[in-house]
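*Asks:* quick one, what's the 3D model for this:
(4 chains)
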Protein chains: 2
Amino acid sequence: MTDNPSYKERKVITIGVVSELTGLTERQIRYYEERKLIFPERSPRGNRKYSFADVEQLVEIANKREEGVQTYEIRQDMLKAQRLRDEKRNRKELLRGEINARFGIQKN
Amino acid sequence: MTDNPSYKERKVITIGVVSELTGLTERQIRYYEERKLIFPERSPRGNRKYSFADVEQLVEIANKREEGVQTYEIRQDMLKAQRLRDEKRNRKELLRGEINARFGIQKN
DNA sequence: CGTGTAAGGAATTCTGACACG
DNA sequence: CGTGTAAGGAATTCTGACACG
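*Replies:* The predicted model follows:
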């Protein structure tokens, strides 16, 4: 209620706390950012801030890494999943557009 | 899913971020703790950690303060609200007990 | 009472780099 | 490639205290 109720997405957690939460070292967390697996925000001074969603993402990355999956592969999988989500969304919009074309504009 | 999905209650936010989020100074935030209006956890070293629920609580406190309400009164209101919640819970349990006494133990 | 501030110290975080493998 | 570590600096946080009102 403060301003945005999506507690899961708000980037408010510092790297030290993320380290505690995930069991990863700060070095690892920064490295995964370098490999474009995670995208923290920055405070005015430059301190990284993560969301709970980021924390979960990091746990998944950690699991993959334990299985020996390289960061490059993890990134490829992420991109693929992203593409699938985008396509799905696009198909939905396309369908909506067709419906509107035939039956006219209507809310919802 | 990491371990506890209650993002709203997890105490993971440092005082600096809470200050940004609420607009309160760190001095004020610490003072409200001294007056028992807010109860952060502590990191191993002693750094305060707050939840989103705490942040919302602080915003409410800030509003009350702007209206001129003193911290003591705010605390009294909090305690009263807590008592009401407790009583409600107790009445519920009492009722459950009576039902069980008459109709025997049953789950739920 | 509620809040600002200067004080001193300890822990945090950041970046770039060297190391190993 | 993925991670550890020492390096140096800047920002963060903590406590206890003095100040004002």
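*Asks:* rest of the way, CA atoms for contacts and neighbours
*Replies:* OK.
*Asks:* touching DNA strand C at all, the helix or strand hosting residue A:92?
*Replies:* Using DSSP states H and E, residue A:92 sits within helix A:71-103. No - using Cα under 7 Å from any atom of the strand, we find that helix A:71-103 stays clear of DNA strand C, coming within 13.5 Å at best.
*Asks:* which positions in that helix come out as buried?
*Replies:* Judged by neighbour count using 16 or more other Cα atoms under 10 Å in any protein chain shown, the buried positions of helix A:71-103 are A:71, A:74, A:75.
*Asks:* would you turn those into CSV with distance to residue A:10 and pLDDT?
*Replies:* As requested, the buried residues of helix A:71-103 are arranged in CSV below (distance: Cα to Cα, whole Å; pLDDT from 0 to 100):
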residue, distance to residue A:10, pLDDT
A:71, 25, 98
A:74, 24, 98
A:75, 23, 98
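*Asks:* low-confidence ranges, chain A, go.
*Replies:* Where chain A drops to pLDDT under 70, the residues are A:1-5, A:105-108.
*Asks:* which parts of it sit against chain B?
*Replies:* Within chain A, the positions adjacent to chain B are A:1, A:2, A:7, A:8, A:12, A:13, A:14, A:17, A:52, A:55, A:56, A:59 by Cα under 8 Å from any Cα of the partner chain.
*Asks:* mind checking how far the last one is from residue A:26?
*Replies:* Same thing as residue A:59. 13 Å (Cα to Cα, to the nearest Å).
*Asks:* one more: the fourth one?
*Replies:* Going from residue A:8 to residue A:26 by Cα to Cα gives 21 Å.
*Asks:* settle it for me: which of these two has more neighbours?
*Replies:* When residue A:8 and residue A:26 are compared for neighbours, residue A:8 comes out ahead with 18 against 15, by other Cα atoms under 10 Å in any protein chain shown.
*Asks:* now that one: closest residue in space, sequence neighbours ignored.
*Replies:* Leaving aside its sequence neighbours, residue A:8 sits nearest to residue A:52 (Cα to Cα, 6 or more residues apart in numbering or on different chains; 5.0 Å).
*Asks:* which residues are in contact with that neighbour?
*Replies:* A:7, A:8, A:9, A:10, A:11, A:13, B:7 (Cα atoms under 8 Å, 6 or more residues apart in numbering or on different chains).
*Asks:* export those as a markdown table, with columns for distance to DNA strand D and secondary structure.
*Replies:* Output for the contacts of residue A:52, formatted as a markdown table (distance: Cα to the nearest atom of the strand, whole Å; DSSP: H, G, I helix; E, B strand; the rest coil):
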| residue | distance to DNA strand D | secondary structure |
| --- | --- | --- |
| A:7 | 19 | coil |
| A:8 | 20 | coil |
| A:9 | 19 | coil |
| A:10 | 16 | coil |
| A:11 | 14 | coil |
| A:13 | 10 | strand |
| B:7 | 19 | coil |
